[in-house]
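S.K.: Make a model of this:
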Amino acid sequence: MRVQLAPALPQGAQRPARPHPGRRPGPQLHRHGHHPPLTPRIPTNILSTRLKELQEGGAVRRVPLRRCGLVYELTEYGRALEPIVLAIGRWGFQAMGEPMPDDVVTPDSLTMALRTSFQPGGDDLDVELHVGDIALRIVTETGKLRVAQVSPPPTITVAPPPDGDPEAVIAAGPGIRLLIGGQVSAAEALDQDIATVVRGDMRVLDTFASTCHIAPVPSEGSRT
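M.R.: Residues are numbered from 1 along each chain as shown. Coordinates of the predicted model:
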């Protein structure tokens, strides 16, 4: 699996815009010498340094890819981090507040929000999710999740969308995090214009809400 890795910031470096609703790094393709979508403001030299450190630590390796030059991919050692990263994402989702003015939604951040919240075992799903200018094809089958970027067209195609049309098309804004986090039901999301089904059976939103869901974790007192 080839990946994009969002490196940690060194002390004194400028913090990149925070992706929303999935403000967390995740496995995607990273082309050497290009800004990864999840870190739109991080300087290339800092990114290269972090990737070099990860390579020296045995977590990633550089491999040639036809028509793309060099890319980074996870090693077996690096892939072992995936469940840890997803678990941290589920934990961090609980503290996510309203989007800030400089927050951005990227295809990668939205994909990671879906992967983090995926609950296997439910009904199969085949939908296209639109959030702003981003469109993702989401397919769940036999307990597995596949997410493919439809638009904007990816520079490098990691997982092409399935053939044929999706069963439904869902349009939403950043408030979709409320549906994923269980703060609103599918019916409430429709009533509050958080999400809508622009094509297909309206009940597909219930299936989406149960498939991509992060149950709230009870906590004592209020978070700061």
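
S.K.: and the residue lying closest to P152 once chain neighbours are set aside, backbone torsions?
M.R.: Beyond its immediate neighbours in the sequence, the residue positioned closest to P152 (Cβ to Cβ, 6 or more residues apart in numbering) is D133, lying 6.3 Å away. Yep, even glycine has a C-beta here, placed from its N, CA and C like the rest. Note on D133: backbone dihedrals following degrees, to the nearest 10 are phi -90, psi 0.

S.K.: close enough to count as contact, D133 and P153?
M.R.: No. When contacts are counted by Cβ atoms under 8 Å, D133 is not listed as touching P153 (11.3 Å).

S.K.: What score does E220 have for pLDDT?
M.R.: On the pLDDT scale, E220 is placed at 62.

S.K.: er, D193 actually
M.R.: At D193 the predicted local confidence, pLDDT, stands at 95.

S.K.: Please enumerate the strands of this structure.
M.R.: Applying DSSP state E to the chain gives strands spanning 30-31, 60-65, 69-74, 125-131, 134-141, 144-151, 168-172, 195-199.

S.K.: Which strands and helices lie in contact with the fourth one?
M.R.: The one in question is strand 125-131. With contacts defined as 3 or more Cβ pairs under 8 Å, 6 or more residues apart in numbering; DSSP states H and E, the secondary structure elements packing on strand 125-131 are helix 107-117, strand 134-141, strand 168-172, helix 204-211.

S.K.: tell me the angle it makes with strand 144-151.
M.R.: Strand 125-131 and strand 144-151 are oriented at 40 degrees to each other (axes from the mean of the first three to the mean of the last three Cα atoms, to 10 degrees).

S.K.: The second one too?
M.R.: Angle, strand 60-65 to strand 144-151, by the same axes, to 10 degrees: 60 degrees.

S.K.: Centre of the chain to strand 60-65, how far?
M.R.: Relative to the chain's own centre, strand 60-65 is displaced by 22 Å; criterion: Cα atoms, centre = their mean, to the nearest Å.

S.K.: Compute the mean per-residue pLDDT across that strand, please.
M.R.: Mean per-residue pLDDT for strand 60-65: 88.

S.K.: Next, the buried residues of it.
M.R.: When neighbours are counted by 16 or more other Cβ atoms under 10 Å, the buried residues of strand 60-65 are found to be V60.

S.K.: So which elements touch that strand?
M.R.: helix 44-56, strand 69-74.

S.K.: ok so, going back, mind checking which of the strands of the chain is nearest R115?
M.R.: strand 144-151 (6.5 Å; Cβ to Cβ).

S.K.: strands paired with the closest one, and their directions?
M.R.: With DSSP bridges as the test, strand 144-151 is paired with strand 134-141 (antiparallel).

S.K.: Can you tell me what sits against the strand it pairs with?
M.R.: Among residues not part of strand 134-141, those counted as contacts by Cβ atoms under 8 Å, 6 or more residues apart in numbering are 105-107, 110-111, 114, 118, 120, 122, 124-129, 145-152, 161-162, 166, 208, 211-212.

S.K.: Just the buried ones out of those residues, please.
M.R.: Buried residues within the contacts of strand 134-141, counting neighbours by 16+ other Cβ under 10 Å: 105-107, 110-111, 114, 118, 122, 125-129, 145, 147-150, 161, 166, 208, 211-212.

S.K.: follow-up on the earlier one: of the helices and strands packed on strand 125-131, which is nearest V63?
M.R.: Comparing these by their distance to V63 (Cβ to Cβ), the top pick is helix 107-117, with 19.7 Å.
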